[in-house]
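>>> below are the sequence and a predicted model; questions follow.
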Amino acid sequence: MLGLEIRLFPCLSDNYGVLIHDGVSGVTASIDAPEEAAVEQALQENGWKLTHILVTHHHADHTQGIPGLKAKYGCTVVGPRAEAAKIPDLDEQVGEGDTFDFGRYTAKIFDTPGHTLGHISWWFPDADILFAGDTLFALGCGRVFEGTMEQMWHSLEKLGKLPRETLLYCGHEYTQANAKFALTIEPDNVELKARVVEIDEKRARGEPTIPSSIGAELQSNPFLRADRDEVKMAVGMPNADAADVFAEIRRRKDSF
């Protein structure tokens, strides 16, 4: 199967926009719609017509571009069932266990609450791609605004079980700051230290640090590693439940 074409571009102050395109069927989706003008420019640069917007959660920096793009292209807006009342111009609602056909590809939907109560993530298994919105970041995770720490941990656990080669696309360029915090938890993690060097070099060149991969995150992201003995020891909770360890790490990051 020919690869799904992907275009990553900056939006707003630190968001990422992503376009995905199936060249055979001609369908093109924006993953969320952080900024109408930036999405429009990316479409024009690639000569694509927007057919879908695939939404992860209701926050304005992921949805504010929807009305303008919908008005211009008449695209189909698909998003989380549990947040339908909070997302403008939503045409189709999806949630845990649902699938969504996109050209030759089929996305599998996961409920990943925590950052928001109805947050979803989109996994395209045939393309080895995950769009995790603000649930899982490169070397980080989203703040727990609406859900509970336990919900967020279980959401991360779910994503961490995907194939290690799965490419992770997230909603923001937070990786350099996340890396500095991660080193406070696991300063001797060899994989983490190697990533920090690579990340600093990429940012110095003005390059994005995503996509990452599930495999890389399992080796170096402290939030995804809350069930590891070495991480439990590092935060002084050797016998604690992983969800409690995660909550401690998240609280530390919130005040970092």
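Sure, I can see it. Predicted, not measured: the structure shown is a model, and the values here were computed from it.
>>> surely residue 200 touches residue 176?
Yes. Using Cβ atoms under 8 Å, residue 200 is in contact with residue 176, at 6.9 Å. In this view, the C-beta of every residue, glycine as well, is placed from N, C-alpha and C.
>>> identify the residue spatially nearest to residue 212, adjacent ones excluded.
Once flanking residues are discounted, residue 212 sits nearest to residue 138: 4.1 Å by Cβ to Cβ, 6 or more residues apart in numbering.
>>> and if you look at residue 253?
Spatial nearest neighbour of residue 253, chain neighbours left out: residue 181 (5.4 Å); criterion: Cβ to Cβ, 6+ apart.
>>> can you tell me how far that neighbour is from residue 252?
Distance of residue 181 to residue 252, given as Cβ to Cβ, to the nearest Å: 8 Å.
>>> look at those two and report which has more neighbours.
residue 181 (17 against 14; other Cβ atoms under 10 Å).
>>> where's that one relative to residue 146, distance?
Relative to residue 146, and taking Cβ to Cβ, residue 181 is found at 22 Å.
>>> kindly report the same for residue 6.
Here residue 6 is placed at a distance of 29 Å from residue 146 (Cβ to Cβ).
>>> and for residue 108?
With Cβ to Cβ as the criterion, residue 108 and residue 146 are 23 Å apart.
>>> run through the helices of the chain in chain order.
Along the chain, the segments classed as helices by DSSP state H run 36-46, 60-63, 66-73, 149-160, 175-185, 190-204, 214-220, 229-234, 242-254.
>>> what would these look like in a markdown table with distance to residue 19?
Shown next, in a markdown table, are the helices of the chain (distance: least, Cβ to Cβ, whole Å):
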| stretch | distance to residue 19 |
| --- | --- |
| helix 36-46 | 5 |
| helix 60-63 | 15 |
| helix 66-73 | 11 |
| helix 149-160 | 22 |
| helix 175-185 | 21 |
| helix 190-204 | 21 |
| helix 214-220 | 22 |
| helix 229-234 | 36 |
| helix 242-254 | 30 |
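>>> ok, how many other residues are close to the residue nearest to residue 212?
If you count neighbours by other Cβ under 10 Å, residue 138 ends up with 27.
>>> that one and residue 249, how far apart?
For residue 138 relative to residue 249 (Cβ to Cβ), the value is 16 Å.
>>> for residue 67, same thing?
For residue 67, the distance to residue 249 - Cβ to Cβ - is 37 Å.
>>> next one: residue 151
In terms of Cβ to Cβ, residue 151 sits 15 Å off from residue 249.
>>> more crowded one of the two?
Neighbours were counted for residue 151 and for residue 249 using other Cβ under 10 Å; residue 249 has more, 25 against 19.
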